[in-house]
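>>> the amino acid sequence is not available; the structure is as follows:
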Ligand code: GAR
């Protein structure tokens with residue numbers, strides 16, 4: 001029974017539309033059995049993801065580096081917030097800030113990220129959102145996809161957990177490619193990875 005089982009408390013960090021957050025919320029009780037979406041944190045006050053959290057009844061808050069006075073203050077506040085909420089797993093779901101090695105070191109194998117390409121292609125600093133798909137189209141790849149990986153001190157460099165390839169079509173724009181990769185890969189892989197890691201953390205795998 002879901003309610004009787006111990007579930008890993010996960011926080012989802014977002015910056016934008018939050019379709020990956022929505023996929024996680026929708027997977028509760030089906031693909032996701034061993035994790036609870038306990039908190040949503042946005043670094044962007046205007047992120048539509050905040051509305052998705054509210055609609056799902058998940059506590060959500062905004063932490064803005066600009067308002068807090070910089071990246072270090074942001075990470076301090078984030079750390080404090082996560083500890084206060086008893087968070088055990090962090091999911092970066094369209095979170096457009098690179099976390100410092102200090103931060104990632106404290107949460108080793110407890111941070112996941114979804115990247116909209118087949119790592120190690122089109123990754124690292126500057127490769128986020130539509131830019132990833134622009135780069136893939138400019139290079140002329142015939143396959144792209146998504147990757148869910150652990151986050152370490154190297155941007156997009158942590159151990160790969162799951163990947164799924166998606167076809168690039170001849171008349172794709174960055175927007176059409178992004179949409180296909182989200183639908184065929186990201187929204188499926190991220191819930192699966194959260195469940196996989198939650199089970200690992202609970203010592204069941
Ligand atoms: C997603 O495609 C995600 O993979 C990407 O941004 C989009 C966020 O969409 N993330 C990165 O590029 C991180 N490097 P969403 O807000 O609708 O989930």
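Happy to help now that I have it. Nothing here was measured: the structure is a model prediction, and the numbers come from that model.

>>> could you name the helices and strands sitting against the helix or strand containing residue 188?
Using DSSP states H and E, the element containing residue 188 is helix 187-201. Counting contacts by 3 or more Cβ pairs under 8 Å, 6 or more residues apart in numbering; DSSP states H and E, helix 187-201 packs against strand 8-14, helix 19-26, strand 35-42, strand 89-92, strand 111-115, strand 143-150, strand 160-167. Backbone N, C-alpha and C define where each C-beta goes, glycine included.

>>> in that helix, which residues are buried?
187-198, 201 (16 or more other Cβ atoms under 10 Å).

>>> and those, which two are furthest apart?
Using Cβ to Cβ, the pair of the buried residues of helix 187-201 lying farthest apart is 187 and 201, separated by 22.4 Å.

>>> closest residue of this protein to the ligand?
residue 94 (2.6 Å; Cβ to the nearest ligand atom).

>>> need the contact list for the residue nearest to that residue when sequence neighbours are not counted.
Sequence neighbours aside, residue 16 is the residue nearest to residue 94 in space, at 5.1 Å (criterion: Cβ to Cβ, 6 or more residues apart in numbering). By Cβ atoms under 8 Å, 6 or more residues apart in numbering, the residues touching residue 16 are 44, 47-49, 94, 96, 129.

>>> right, and residue 64 touches residue 77 too?
No. Between residue 64 and residue 77 there is no contact under Cβ atoms under 8 Å: 9.5 Å.

>>> if you count surrounding residues, which of those two has more?
residue 77 (18 against 13; other Cβ atoms under 10 Å).

>>> is the more buried one in a helix, a strand, or coil?
Following DSSP: H, G, I helix; E, B strand; the rest coil, residue 77 is assigned to helix.

>>> now do the one 3 residues further on
Secondary structure, three-state DSSP: residue 80 is helix.

>>> just give me the neighbour total for it.
Residue 80 has 11 neighbours, counted by other Cβ under 10 Å.

>>> now it: how far from residue 169?
Distance from residue 80 to residue 169, counting by Cβ to Cβ, to the nearest Å: 46 Å.

>>> the closest residue to residue 25 other than its chain neighbours: neighbouring residues, count only.
Leaving out its chain neighbours, the residue that sits closest to residue 25 by Cβ to Cβ, 6+ apart is residue 56, at 4.6 Å. Neighbour count of residue 56, defined by other Cβ under 10 Å: 16.

>>> ok, how many other residues are close to residue 107?
Counted with other Cβ under 10 Å, the neighbours of residue 107 add up to 18.

>>> for it, which non-adjacent residue is spatially closest?
residue 90 (6.0 Å).

>>> test my guess that that neighbour contacts residue 8.
No. With contacts counted by Cβ under 8 Å, residue 90 stays clear of residue 8, the gap being 10.9 Å.

>>> packing partners for the worst-scoring helix or strand of the chain on mean pLDDT?
Least confident helix or strand, the chain: helix 65-68 with a mean of 94, by mean pLDDT, DSSP states H and E. On a contact count with 3+ Cβ pairs under 8 Å, 6+ apart, helix 65-68 meets helix 71-84.
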